[in-house]
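J.: no sequence on this one, just coordinates:
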């Protein structure tokens, strides 16, 4: 059983397109992280959210607690957005406090 | 701050050898995490520490793996003896007050066991 499911696994877009990556999670996950991993391998945290919406530049992350679903949107996509995007959930109580459960990642390729 | 520091960045070793990976978390961070990333399984948590104390090591594959955090600024992940299936990228991450804060990842150590 995987606590965090992510889709699609691969995504190809043309520069300028609007992109959406989806993440669903199970009971017990109290907040979602969105991570970005570039071809060089480094991992950067983009967002952490437990409710509502967050925006940073062309990136928008939303979460629906009732539906246990989160989305990452990229507006006006650019080739430099090409990376693997990973959602990860964490619990906020009990013996697993702080532990992250990872989705398998979405490989995004944006063509010029 | 220099961020999370890991060493070595690349390690190539022969099966049966001992491997030690090192991590220096961001100063002031109370949580330290060790992750492994493979093509087959993606990112997996191996173990994490809070204030130098191991909290959850259920992700450690087997007795060949061990991790220590002797002080707030240093942690090691040791594999003895190493096997080809241990080949992966190992990431260390740290977070501030609680594990639910944003995690900052190190650059990773790419381990190849031949």
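T.: Great, that's in hand. What you are looking at is a predicted structure, and each value in this text was computed from that prediction instead of being measured. Numbers count the residues shown, from 1 in each chain, chains lettered A, B, ... in the order given.
J.: For the residue most central in space within chain B, which residues are in contact?
T.: Using Cα atoms, centre = their mean, the residue of chain B that lies closest to the mean C-alpha position is residue B:34, 3.2 Å off. Neighbouring residues of residue B:34 by Cβ atoms under 8 Å, 6 or more residues apart in numbering or on different chains: B:23, B:45, B:46, B:47, B:48, B:67, B:75, B:77, B:90, B:91, B:92. Any C-beta I mention is one placed from the backbone N, CA and C, and that applies to glycine too.
J.: rerun at 7 Å
T.: Neighbouring residues of residue B:34 by Cβ atoms under 7 Å, 6 or more residues apart in numbering or on different chains: B:46, B:47, B:67, B:77, B:90, B:92.
J.: For it, name its beta-bridge partners.
T.: residue B:47, residue B:92 (DSSP bridges).
J.: So it versus chain A, what's the distance?
T.: 12 Å (Cβ to the nearest Cβ, to the nearest Å).
J.: Point out where the chain drops to low pLDDT.
T.: I went with chain A, as the question did not name one. A:1-2, A:92-98 (pLDDT under 70).
J.: My question was about chain B, not that one.
T.: Low-confidence segments of chain B, defined by pLDDT under 70: B:1, B:97-100.
J.: hang on, residue A:76 packs against residue A:58?
T.: Yes: applying Cβ atoms under 7 Å as the test, residue A:76 and residue A:58 come out as touching, 5.7 Å apart.
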